[in-house]
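>>> the following comprises the amino acid sequence and a computationally predicted model.
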Amino acid sequence: MTTAVMGAGSWGTTFAQVVADAGHPVTLWARRPEVAREIAEEHTNAGYLPGLVLNKAITATADPAAALAGADTVVLAVPAQSLRDNLEAWAGLIPADAVLVSLMKGVERSTGMRMSEVIADAAGASPERIAVVSGPNLAREIADRQPTATVVASASLATAEAVADLTANAYFRPYTNADVVGVELGGAVKNIIALSVGIADGQGLGDNSKASIITRGLAETSRLAMAMGADAQTLSGLAGLGDLVATCASPLSRNRSFGRLLGEGLSVEEATERTRQVAEGVKSSPAVLALGEAHGVELPITQAVSAVIDGTLDVGELAGVLLSRKRKHEGLER
């Protein structure tokens with residue numbers, strides 16, 4: 001099988017290596033020609049994965065037509081908010097029977113759609129052709145070939161199993177799942193919870209505070225996911241709890257690191273300048289909050305983080321706002 005990975009950031013490049021290490025040919029598309037040349041000629045991507053030598057079986061190009069030609073599997077690894085525009089540009093280039101794999105963990109701001117829904121809408125693909133990869137996917141650790149497990153979800157078990165077969169290797173263990181809604185929401189909402197944990201860390205708060213946020217964040221994510229038809233078991237698995245713990249605990253997490261800068265007093269603009277990128281949770285939080293409102297689900301952490309991001313809540317008041325909420329019985333109540 002021939003695979004095209006569209007997006008040469010840290011996760012896209014790492015995923016290309018996962019596929020190559022599993023023994024399959026893969027072409028990596030990079031938006032910038034100089035990045036494509038570096039990957040093809042030097043077998044490195046120093047801007048995203050410094051110090052790593054890539055599998056030499058990976059080829060790279062800046063030409064989307066060349067990357068997509070004859071691809072059996074098209075892996076989408078672009079920023080969530082740019083997915084629709086990219087798919088519309090590539091619509092005539094994607095093979096009609098290719099499986100489309102989403103690596104993105106976000107919600108489209110303009111529509112509230114999950115990434116698989118955007119793919120179906122913009123690429124005209126049936127749900128059976130779409131798969132979602134999620135779980136504790138810290139790119140640098142996987143790029144260094146550290147053992148990890150992940151989840152491949154699809155409405156079609158055959159599609160999920162095909163993607164799992166494509167990626168399974170000595171260090172990357174994929175599990176399959178039919179709960180696309182739960183897998184996607186777990187990946188999207190955990191970015192927002194990680195921002196909150198990062199803020200707490202930046203304010204010098206301890207492990208009790210951060211553990212409380214993580215635990216209540218999981219309850220918040222589960223409430224929303226179940227209201228949208230997800231299976232509660234999914235949220236206690238790799239795509240829920242596993243991804244949440246990794247993203248909230250690791251300094252490799254973009255969202256946690258961004259939140260830490262906010263907690264230290266930097267503005268969103270200053271944190272963006274410092275990190276040279278905006279964390280996905282920053283962009284997705286308004287859309288996730290709108291989903292909660294549409295489904296009648298309270299999302300207090302998401303609401304507070306969104307208020308910090310849009311400037312209506314001082315970061316120093318975030319903990320007080322959360323603690324001042326009316327006390328309730330612990331559970332997944334709406």
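That came through, no problem. Numbering: from 1, shown residues only.

>>> which element is L28 on?
Here L28, judged by DSSP states H and E, is contained in strand 26-29.

>>> list the strands paired with that strand, with their directions.
strand 3-6 (parallel), strand 58-61 (parallel) (DSSP bridges).

>>> tell me the first helix or strand C-terminal of the last one.
Toward the C-terminal end, the helix or strand that comes next after strand 58-61 (DSSP H and E) is helix 64-68.

>>> mind giving me the packing neighbours of that next one?
Packing contacts for helix 64-68, counted by 3 or more CB pairs under 8 Å, 6 or more residues apart in numbering; DSSP states H and E, involve strand 3-6, strand 26-29, helix 83-90. Where you see a C-beta, it was placed from the backbone N, CA and C, and this is true even at glycine.

>>> quick one on the thing from earlier: out of the strands paired with strand 26-29, which one sits most buried?
Mean neighbours per residue, mean count of other CB atoms under 10 Å, is largest over the strands paired with strand 26-29 for strand 3-6, with a mean of 28.

>>> how distant is that one from the center of its chain?
For strand 3-6, the separation from the chain centroid amounts to 17 Å (computed by CA atoms, centre = their mean, to the nearest Å).

>>> around V107, how many other residues sit close by?
31 (other CB atoms under 10 Å).

>>> quick check: chain neighbours aside, which residue is closest to it?
A287 (4.0 Å; CB to CB, 6 or more residues apart in numbering).

>>> also A65?
Distance criterion CB to CB, 6+ apart; nearest residue to A65, sequence neighbours excluded, is L93 at 5.2 Å.

>>> surely that neighbour and L68 touch.
Yes: counting by CB atoms under 8 Å, L93 does reach L68; the two are 4.5 Å apart.

>>> of the two, who's got more company?
With neighbours defined as other CB under 10 Å, L93 and L68 compare such that L68 has more, 21 against 16.

>>> ok, that one touching A91?
No: contact between L68 and A91 fails when scored by CB under 8 Å: they sit 10.6 Å apart.

>>> lowest average confidence, helix or strand, in the protein?
helix 318-323 (a mean of 80; mean pLDDT, DSSP states H and E).

>>> which other helices and strands contact that one?
helix 180-202, helix 300-310.

>>> which pLDDT value goes with L54?
L54 is assigned a predicted lDDT (pLDDT) of 98.

>>> which phi and psi does the residue lying closest to S253 once chain neighbours are set aside have?
Of all residues not flanking S253 in the chain, T247 sits nearest, at 4.6 Å (CB to CB, 6+ apart). Backbone geometry at T247, expressed as degrees, to the nearest 10, gives phi -70, psi -30.

>>> ok, now Y175?
Here is the backbone geometry of Y175 (degrees, to the nearest 10): phi -110, psi 150.

>>> any low-confidence regions in this protein?
278, 331-334 (pLDDT under 70).

>>> swap in 90 and give it another go.
Applying pLDDT under 90 to the chain flags residues 1, 91, 275-279, 316-334.

>>> quick one: contacts for the nearest residue to Q146 once chain neighbours are set aside?
Excluding the flanking residues, the one nearest Q146 by CB to CB, 6+ apart is Y171, at 6.5 Å. By CB atoms under 8 Å, 6 or more residues apart in numbering, the contact set of Y171 is 21, 142, 145-148.

>>> which residue ranges of the chain form strands?
3-6, 26-29, 58-61, 73-76, 99-102, 130-134, 148-154, 172-177 (DSSP state E).

>>> put the alpha carbons of the fifth one into PDB.
Provided in PDB are the C-alpha atoms of strand 99-102 (Å, rounded to 0.1, in the frame of the first residue of the first chain):
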ATOM      1  CA  VAL A  99      -8.800   5.800   3.000                       C
ATOM      2  CA  LEU A 100      -8.600   9.200   4.700                       C
ATOM      3  CA  VAL A 101      -6.900   9.300   8.100                       C
ATOM      4  CA  SER A 102      -7.200  12.200  10.500                       C
END
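
>>> just list what that strand packs against, helices and strands only.
Against strand 99-102 (3+ CB pairs under 8 Å, 6+ apart) you get strand 73-76, helix 115-123, strand 130-134, helix 157-167.
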